[in-house]
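Engineer: Only the shape, not the letters, is given here:
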């Protein structure tokens with residue numbers, strides 16, 4: 001009897017368990033159906049075209065606008081160095097003094113020779129005049145007169161020669177004082193007092209660099225140059241010379257240089273090794289922040305895109321092939337997928353070349369719940385407490401918390 005009661009209890013428990021299992025299965029939602037709480041909620045921004053200044057960032061190095069290497073024009077011993085290394089010098093300032101004694105002696109010798117030649121000129125001139133008068137009366141021979149006339153011309157030529165020698169000696173004496181050919185900042189000295197230097201030696205005594213304004217030379221690829229010209233011709237960019245001439249500068253520590261530069265010229269020759277042309281940009285440098293040889297980055301303003309479409313970077317996803325796409329909400333409040341073509345990053349946003357149209361509502365948050373064809377509930381995208389719905393954005397806000 002006990003065995004029979006136990007079997008009845010086991011059978012009743014099995015029936016109850018089956019009922020509970022079947023009831024639980026009936027409560028599961030159908031796959032693909034709407035969630036129990038209604039359509040998922042997504043945050044969107046409405047894309048609107050807006051004018052946008054298109055810039056490109058190019059790296060380059062600074063260089064002085066004027067450079068003068070000091071080399072001696074005469075040979076001799078350096079007597080004095082008359083400047084402080086690293087200081088600013090002015091044009092005409094004496095920087096080195098070469099021993100002038102041998103050049104002073106050469107000048108004195110040339111002056112003495114000139115005086116001797118000028119002293120001989122008077123008697124020979126008078127003798128020539130007398131012999132010319134006597135030649136008329138046949139008192140002297142023609143040969144005597146010709147010899148005196150030739151001596152007179154020789155003396156006049158000697159005078160011209162020694163005048164040139166005096167000037168040469170004076171120039172060489174002046175070259176013993178080595179002066180600054182330009183104003184600027186002078187570097188370290190390559191020689192010390194007592195050093196022997198030679199005329200036109202290959203090693204410079206010092207270098208002066210004029211650093212206000214400062215040049216920045218940056219290479220630009222011909223591919224980028226052709227792309228820019230094509231966009232200007234097609235109307236994708238409008239050219240404004242005043243805008244395109246403005247250039248900003250980023251220093252090595254990523255700080256922005258406070259003064260704007262101007263594009264001076266674009267070289268006309270392509271470097272065959274790099275396939276690029278050189279752009280020269282001029283920056284004012286009144287306080288000397290920029291030094292020659294610094295690595296910098298320039299931000300050039302190429303033109304204005306009158307109908308730029310920007311979307312936050314967090315609104316862009318990529319498929320397994322790496323192609324970018326975005327999810328939008330159509331007029332029926334359903335999700336659609338749009339493949340995109342991106343031009344470049346503008347801050348924390350993407351500049352879209354194709355794939356979107358003005359007025360499209362792009363999903364920024366809630367993409368995990370949105371699938372193409374699914375109905376969704378649209379709410380404005382918020383960042384920093386300010387609603388961004390209905391306006392384009394230049395920068396994407398910080399990532400929102402996941403839903």
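Structural biologist: Arrived safely, thanks for sending. Only a predicted model underlies this, so the values are computations on that prediction, with no experimental measurement involved.
Engineer: Okay, domains of this protein per the record?
Structural biologist: As assigned by automatic domain parsing, the chain contains the domains 41-52+308-387, 55-65+214-305, 73-99+176-203, 101-172.
Engineer: In JSON lines: the ones you listed, plus mean pLDDT and mean neighbour count.
Structural biologist: For every residue, glycine as well, the C-beta is placed using N, CA and C. Putting the domains of the chain into JSON lines (pLDDT from 0 to 100; neighbours: other C-beta atoms under 10 Å) gives the following:
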{"stretch": "domain 41-52+308-387", "mean pLDDT": "84", "mean neighbour count": "17"}
{"stretch": "domain 55-65+214-305", "mean pLDDT": "80", "mean neighbour count": "15"}
{"stretch": "domain 73-99+176-203", "mean pLDDT": "93", "mean neighbour count": "15"}
{"stretch": "domain 101-172", "mean pLDDT": "86", "mean neighbour count": "15"}
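Engineer: quick one, helices of this protein?
Structural biologist: Ranges of helices in the chain, per DSSP state H, are 2-27, 101-136, 142-175, 222-234, 241-244.
Engineer: which secondary structure elements does the second one contact?
Structural biologist: Looking back up the chat, that one is helix 101-136. Here helix 101-136 touches helix 142-175, going by 3 or more C-beta pairs under 8 Å, 6 or more residues apart in numbering; DSSP states H and E.
Engineer: helices or strands up against the helix it packs on?
Structural biologist: helix 101-136.
Engineer: now the angle between helix 142-175 and the helix it packs on, please.
Structural biologist: Interaxial angle, helix 101-136 versus helix 142-175 (axes from the mean of the first three to the mean of the last three C-alpha atoms, to 10 degrees): 160 degrees.
Engineer: I'd like the distance from helix 101-136 to the chain centre, please.
Structural biologist: Chain-centre distance of helix 101-136: 65 Å, with C-alpha atoms, centre = their mean, to the nearest Å.
Engineer: With stretch 62-74 instead?
Structural biologist: So, by C-alpha atoms, centre = their mean, the centroid of stretch 62-74 is 23 Å from its chain's centroid.
Engineer: ok, residues contacting it?
Structural biologist: Applying C-beta atoms under 8 Å, 6 or more residues apart in numbering, the contact partners of stretch 62-74 are 95-96, 98, 103, 172, 175-176, 178, 180-182, 184, 197-201, 204-217, 282, 290-294, 296.
Engineer: mind listing what residue 137 touches?
Structural biologist: Residue 137 touches nothing, counting by C-beta under 8 Å, 6+ apart.
Engineer: distance of it from residue 152?
Structural biologist: Distance of residue 137 to residue 152, given as C-beta to C-beta, to the nearest Å: 21 Å.
Engineer: Check residue 351 too.
Structural biologist: 89 Å.
Engineer: again with residue 374
Structural biologist: From residue 374 to residue 152 the distance is 117 Å (C-beta to C-beta).
Engineer: what's the answer for residue 80, then?
Structural biologist: Residue 80 is 48 Å from residue 152, by C-beta to C-beta.
Engineer: now residue 322
Structural biologist: 97 Å.
Engineer: all strands of the stretch 251-400 of the chain, in order?
Structural biologist: 261-266, 276-283, 295-308, 310-312, 317-318, 324-329, 335-339, 341-346, 349-354, 361-365, 377-380, 382-383, 386-387 (DSSP state E, counting those that start in this stretch).
Engineer: so which of those gets nearest residue 76?
Structural biologist: Proximity to residue 76 (C-beta to C-beta) singles out strand 276-283 among these, at 39.5 Å.
Engineer: what packs against the closest one?
Structural biologist: strand 50-70, strand 206-221, helix 222-234, strand 246-250, strand 261-266, strand 295-308.
Engineer: gap between that strand and the chain center?
Structural biologist: 6 Å.
Engineer: what's near enough to touch residue 163?
Structural biologist: Per C-beta under 8 Å, 6+ apart, neighbours of residue 163: residue 114.
Engineer: 10 Å instead, please
Structural biologist: Residue 163 sits next to 110-111, 113-114, 117-118 when contact means C-beta atoms under 10 Å, 6 or more residues apart in numbering.
Engineer: Tabulate these (TSV), appending distance to residue 225.
Structural biologist: Formatted as TSV, the contacts of residue 163 follow (distance: C-beta to C-beta, whole Å):
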residue	distance to residue 225
110	60
111	63
113	65
114	64
117	67
118	68
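Engineer: Tell me the one of these nearest residue 330?
Structural biologist: Nearest to residue 330, judged by C-beta to C-beta, of the contacts of residue 163 is residue 110 at 98.4 Å.
Engineer: follow-up on the earlier one: which among the strands of the stretch 251-400 of the chain is found nearest to residue 57?
Structural biologist: Per C-beta to C-beta, nearest to residue 57 of these: strand 295-308, 5.4 Å.
Engineer: Next, the angle from that closest one to strand 50-70.
Structural biologist: Using the same axes, to 10 degrees: strand 295-308 against strand 50-70 is 160 degrees.
Engineer: Tell me the gap between strand 295-308 and the middle of its chain.
Structural biologist: 13 Å.
Engineer: got it, and stretch 141-153?
Structural biologist: Worked out by C-alpha atoms, centre = their mean, stretch 141-153 lies 75 Å from the chain centre.
Engineer: In stretch 203-216, which of the residues would be classed as buried?
Structural biologist: 204-216 (16 or more other C-beta atoms under 10 Å).
Engineer: ok, what's across the strand from the residue nearest to residue 58 when sequence neighbours are not counted?
Structural biologist: The spatial neighbour of residue 58 that comes closest, neighbours along the chain excluded (C-beta to C-beta, 6 or more residues apart in numbering), is residue 218 at 4.2 Å. On the basis of DSSP bridges, residue 218 takes part in beta bridges with residue 279.
Engineer: Same question for residue 256.
Structural biologist: Beta-bridge pairing for residue 256 (DSSP bridges): residue 250.
Engineer: Would you agree residue 286 is in contact with residue 257?
Structural biologist: No. Applying C-beta atoms under 10 Å as the test, residue 286 and residue 257 come out as separate, 12.0 Å apart.
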